[in-house]
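sequence first, then the predicted structure:
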Amino acid sequence: MNELGFVEEIDENGGALIKEGRCDLAAIPIIRNKILKIGRNERQCDIVLNKACVSSIHCTFWGIKFDEDSIPMCYVKDCSLNGILLNEQPLQRDQTCLLEDGDIVTIPAVSTFRFYAKSKLITKDLLQQLGVQQNIDKWTITPRVIGSGTFGHVLVAVKTKEQSKTKTRSKTTRPLDYATKVIKLKPDRVDKEAQILLQLRHPNIIRVHSTFLGPDQKLYLIQDLVPGGDLFSYLAKEDRLMPVSETEALVIVYQIIKALIYLHSEGVVHRDLKLDNILLCVPEPCTRIVLADFGIARNISSSRSRMHTVVGTPEYCAPEVGFRADRLIYREFTRVATLEYQGYDAKCDIWSLGVITHIILTGISPFYSDGSEGSIIRNAKNGHLNFEIEPWRHVSDSAKGFVRKLLQVNASKRPNSSAALQHSWLQKHKAQLRILYHQRILRDVKHPFEAKELHEKRRVPKNFNPHQLDLEEAKKLRTSAT
Ligand SMILES: Nc1ncnc2c1ncn2[C@@H]1O[C@H](COP(=O)(O)OP(=O)(O)OP(=O)(O)O)[C@@H](O)[C@H]1O
């Protein structure tokens, strides 16, 4: 079942609007992996509103379902010049809001839409079942689950204070939504994730606002809610991972490298970079991406030491980290000094980026073969890459060279994060990537990041065309097709 919610145009009395010839407007489904667009542009929009005050794409709706059992989360984003109202309250340009069943979205003086949730069932005592507090300091934790992982659950949270303040202004005002990661683990691990994240400020790294230690040694990490889902779900279509265009891959990889350069300069190594830990602001190309899940990240700035603990996910894990095909040698993620290796450093993140780049360009995980842990580890140690397979056919040699370089088994030959940015694949598109990044990708960033990215003023060339990359690629594809 692909429908995650519905958007229906209504009249001023709240009744469904079924005009002659426009009955298709009644209850348009929000489906998985597709953004529902409302605006003036006939080619791109699902609901076309032909009025001068309506922007080409005025607002968009989409839904995210973390897994088969989870309740979808649907969002609306204001992309317009003239604005939209959510329950009579204006949104800011580029603002995204999590929707609740029955929410009303208005394009002033043009149209009004009602959002219906597909699944409304949220067990009231879910928080109790999960052993999660409803109120932590100034925060209210809601029973809406965004995602789950090995270490706990991620739920929607709102600021309690803000809620009561806004309630006096209007009953319908929605407080901003945040994500709370609730971790019930050993205190030392818990502290590390919180400590590391609180020190980081970068538009491509998850922003943590506060942390609280609740009863039962549960840590609450209040973070920005990143509404576009993770990169794995974005690529997963019809039971397989679909590659993205080379242009889209460049924009993703560029942002991951930006985050890694910052992270490594702060002495932090992520150690678990994978598709599931890369979040998207909107599930569409050229969106801002955010690295999340610093659960096993390590701060090595104090000692500049190398790391010896075997952690991570074998599919994305650099050979020097020391995963072994024979699981009996270590149990799960215990601390095992890697005897035949000298330990490892921040370049383990570069290897993971190599695996990620391979997957997003081809839909194939380079060392996966039969999927058994043993074969993945053996294949990664061997480092053999096969560029002869069909999905590489339309990919440029420089992209292949980039992947080859990052997946060097010998870590000393692998570039560090700054050198990865200097690779010809990215350098060739340097100017366009920079402009796209500063003019478009960072547009929704509201926080005063210390990172210099936001303060850099770049001159836009007179003939700059934000679609230039796509055109170049289209040209290339046309040539290769003939
Ligand atoms: N701030 C956020 N905004 C939106 N979604 C999020 C956020 N944080 C986490 N998620 C979602 O929740 C999922 C689980 O979160 P996270 O990876 O942090 O948990 P974990 O227990 O450390 O997982 P893992 O088992 O991968 O280690 C993510 O894959 C993502 O889909």
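Perfect, I can see it now. If you're wondering where the values come from, they're calculated on a predicted model, not measured in any experiment. Numbers count the residues shown, from 1 in each chain.

for the rest of this, base every contact and every neighbour count on C-alpha atoms.
Fine.

the lengthiest helix in the chain packs against which elements?
Among the segments of the chain that qualify as a helix by DSSP state H, the longest is helix 246-265. On a contact count with 3 or more Cα pairs under 8 Å, 6 or more residues apart in numbering; DSSP states H and E, helix 246-265 meets strand 289-291, helix 347-362, helix 417-421, helix 468-481.

so the longest one versus helix 246-265, what angle?
With axes from the mean of the first three to the mean of the last three Cα atoms, to 10 degrees as the criterion, the two stretches helix 347-362 and helix 246-265 enclose an angle of 170 degrees.

what does the longest helix of the chain contact?
For helix 246-265, contacts defined as Cα atoms under 8 Å, 6 or more residues apart in numbering pick out 200, 202-205, 269-270, 285-286, 288-291, 346, 349, 353, 357, 360-361, 395, 417-418, 420-421, 426, 433, 469-470, 473.

next structured bit after it?
strand 268-269 (DSSP states H and E).

C-terminal to that following strand, what's the next element?
strand 278-280.

of the helices and strands packed on helix 246-265, which shows the lowest average pLDDT?
Note on these: lowest mean pLDDT is at helix 468-481, with a mean of 37.

in PyMOL, how would I select just the buried ones from the contacts of helix 246-265?
Only the buried entries of the contacts of helix 246-265 go into this PyMOL selection, using 16 or more other Cα atoms under 10 Å:
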select buried, resi 200+202+203+204+205+269+270+286+288+289+290+291+346+349+353+357+360+361+395+417+420+421+426+433+469
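
re earlier: quick check: buried residues in the longest helix of the chain?
246-264.

what does stretch 388-402 give?
Buried, per 16+ other Cα under 10 Å, within stretch 388-402: Trp392, Val395, Ala399, Lys400, Phe402.

what does stretch 126-139 give?
Neighbour count says stretch 126-139 has Leu127, Val132, Gln133, Ile136, Trp139 buried, by 16+ other Cα under 10 Å.

check stretch 225-236 too.
Residues Leu225, Val226, Pro227, Gly228, Gly229, Asp230, Leu231, Phe232, Ser233, Tyr234, Leu235 are the ones in stretch 225-236 that count as buried (16+ other Cα under 10 Å).

any chance of CSV for the residues you listed, columns distance to the ligand?
CSV is the format used below for the buried residues of stretch 225-236 (distance: Cα to the nearest ligand atom, whole Å):
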residue, distance to the ligand
Leu225, 4
Val226, 4
Pro227, 6
Gly228, 7
Gly229, 6
Asp230, 5
Leu231, 9
Phe232, 8
Ser233, 8
Tyr234, 10
Leu235, 13
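
now, which of those sits nearest Arg93?
Ranked by distance to Arg93 (Cα to Cα), the buried residues of stretch 225-236 are led by Pro227 at 15.8 Å.

quick one: residues contacting that closest one.
Ile64, Tyr75, Thr96, Leu98, Leu280, Cys281, Val282.

what is the neighbour count of the closest residue to the ligand within the stretch 251-400 of the chain?
Nearest residue of the stretch 251-400 of the chain to the ligand, counting by Cα to the nearest ligand atom: Asp293, 3.9 Å away. Asp293 sits with 22 neighbouring residues when counted by other Cα atoms under 10 Å.

nearest residue to it other than its sequence neighbours?
In space, and not counting its chain neighbours, Asp293 is closest to Asn277: 5.9 Å by Cα to Cα, 6 or more residues apart in numbering.
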